[in-house]
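>>> sharing a model prediction with you, sequence too.
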Amino acid sequence: MPDFEGSPIPVASTSVNSSGATAIGLKFKESAQMVAGLRAQKSSHPKIQSYCPHAAFVAGPHGEQLAKQLNQILPQLKDSVLTRSQHIDESIRQVPHLKQVVLAGAGLDMRSIRHAADLPEVTFFEVDLPEMIAERERVTKMLPQDFSDRRVLLNADFNVDDLDQVIGKHPRFDRTLPTIVIFEGCSMYFLEAHNQRIFRSLLKLIQNPLSCVWADFVSNAIVTGQANHQQVTKFLEGMKSLGETFIFGIDEPANWLGALGYRSVETISAGEYLNSSDAVLNAYLFSVAKRWTGLGNCRSSPQDDVLAEQAWLVLSATTFRRRELRSVSRDTEFCNDWPTPADSARPSATCARHCLSGGKRQPLRWKETATVHRSARGSRITDRRTRHFSVAATVL
């Protein structure tokens, strides 16, 4: 089930004195160590193969002991954490031409260290509170290899900071590259308004058609405590005994994320993933969301992904004016969905939708024509040249 690994619980005031900040930092560290302790364990479930070789080290004896104690109170917790970790790993591997991984609320997740050798072209952005980033830096320096040249550590308070500014403005981050943003174990600890602001910021980071956001949610019944099921009731009692409280849950992530601008959302519960009937596992949801519909899905076919990337490369080589592109796309249902507000801007991945008709696979035939418009203003006659772009496509 979700954890308090690196995300701040919303508080009444954002000002904290030095002793209060230290106490909060210690709680973050202890919680992150506990989750690392869970990642260090192995599951008896045949489908769960997730294992982190660095988890036991970063958890330390205290974190491993906390994980063992927590397993006695919340028996589903270990499989929930390991299942989500495995699902994230699968989602990372399924992003074609992946260039960037963002760990939003990184805690002590050593995913960047684990994947760095296998993904040599990927840059990892690790984002969390300053106390957690300092702890990450401390423990990773003691590992045999920390891949520091491939990792960017960024401080952020999700309650007040705009992640688009923190991440998107960093000189090493390029929002036009294939990217996966991982928002793990966080959403249930933020108020809905905070979550809406966070996910809108994350949406601005994924402008490539292959990019996506991975996030986990709990169902609304877990938050309200109104689930009429003994397993859920017992789980909530265990959470209450630990002093943990979930304040946000949704039953339909696709609808909620769709209202924020995500065009494609795939959701599966931990129970469905494991073919388990456990009510608690089925109330824990994993979603993969992307900005675009019909191409670039983290779980789409390889041929569609290659086609999407081809379209992106063609479009990236040309400069459009927004009003011209609007006229080109007037026959598509996405014609008003523009990621860049500027009147003159680099082509967006929105354009790439013209290379797919309802997700059908098509070869690209790109043609450019020009029309000169003459207009008279007083005694002066001016010419305005407009470029028209079209895609002649034949369904394979």
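Arrived safely.
>>> and Gln49, how many neighbours does it have?
By the criterion of other Cβ atoms under 10 Å, Gln49 has 11 neighbours. Placement of C-beta: from N, CA and C, glycine included.
>>> I'd like the distance between it and Ser264.
For Gln49, the distance to Ser264 (Cβ to Cβ, to the nearest Å) stands at 27 Å.
>>> now Lys290
In terms of Cβ to Cβ, Lys290 sits 5 Å off from Ser264.
>>> now do Pro75
34 Å.
>>> for Pro144, same thing?
39 Å.
>>> check Val181 too.
For Val181, the distance to Ser264 - Cβ to Cβ - is 15 Å.
>>> again with Ser201
For Ser201 relative to Ser264 (Cβ to Cβ), the value is 19 Å.
>>> likewise Thr83?
For Thr83 relative to Ser264 (Cβ to Cβ), the value is 22 Å.
>>> got it, and Phe246?
For Phe246, the distance to Ser264 - Cβ to Cβ - is 26 Å.
>>> if we can go back for a sec, and Pro75 and Ser264? Which one has more around it.
Ser264 (21 against 15).
>>> just the helices from this structure, written as ranges.
Ranges of helices within the chain are 18-39, 55-73, 77-93, 111-116, 130-140, 163-168, 192-205, 220-224, 230-241, 253-258, 270-274, 279-282, 302-316, 322-328, based on DSSP state H.
>>> so what does the third one touch, helix or strand wise?
Using 3 or more Cβ pairs under 8 Å, 6 or more residues apart in numbering; DSSP states H and E as the contact criterion, the neighbours of helix 77-93 among helices and strands are helix 18-39, helix 55-73, helix 111-116, strand 179-183, strand 212-218, helix 270-274, helix 279-282, strand 284-290.
>>> show me what the last one packs onto, helices and strands only.
Contact here means 3+ Cβ pairs under 8 Å, 6+ apart; on that basis strand 284-290 packs against helix 77-93, strand 212-218, helix 253-258, strand 264-269, helix 270-274.
>>> quick one: contacts for the closest residue to Glu121 other than its chain neighbours?
In space, and not counting its chain neighbours, Glu121 is closest to Lys99: 6.2 Å by Cβ to Cβ, 6 or more residues apart in numbering. The contact partners of Lys99, by Cβ atoms under 8 Å, 6 or more residues apart in numbering, come to Glu121, Val122, Thr123, Asp174, Leu177, Pro178, Thr179.
>>> output the below-cut-off pLDDT ranges for the stretch 201-350 of the chain.
Across the stretch 201-350 of the chain, the ranges flagged by pLDDT under 70 are 293-350.
>>> Gln49 contacts His87, correct?
No - assessed by Cβ atoms under 8 Å, Gln49 is found out of contact with His87, at 11.6 Å.
>>> contacts for stretch 140-149, please.
Counting by Cβ under 8 Å, 6+ apart, residues outside stretch 140-149 touching it are His54, Phe57, Met110, Ser112, Ile113, Ala116, Ala117, Phe124, Arg151.
>>> one more: stretch 215-223?
So stretch 215-223 is contacted by 1-2, 84, 182-188, 199, 227, 232, 235-236, 246-251, 253, 283-287, 289 (Cβ under 8 Å, 6+ apart).
>>> quick one, which of those are buried?
For the contacts of stretch 215-223, a burial check counting by 16 or more other Cβ atoms under 10 Å picks out 1-2, 84, 182-188, 199, 227, 232, 235-236, 246, 248-250, 253, 283-287, 289.
>>> let's have the helices and strands packed on strand 284-290 in a markdown table, adding distance to Arg138.
Output for the helices and strands packed on strand 284-290, formatted as a markdown table (distance: least, Cβ to Cβ, whole Å):
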| stretch | distance to Arg138 |
| --- | --- |
| helix 77-93 | 22 |
| strand 212-218 | 27 |
| helix 253-258 | 35 |
| strand 264-269 | 35 |
| helix 270-274 | 32 |
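>>> point out the most buried one among those.
strand 212-218 (a mean of 26; mean count of other Cβ atoms under 10 Å).
>>> count the residues that sit near Gly63.
Gly63: 26 neighbours (other Cβ under 10 Å).
>>> tell me how far the closest residue to Leu70 other than its chain neighbours lies from Arg84.
Counting by Cβ to Cβ, 6+ apart, the nearest residue to Leu70 once its immediate chain neighbours are dropped is Leu77, at 5.8 Å. Distance, Leu77 to Arg84, by Cβ to Cβ: 11 Å.
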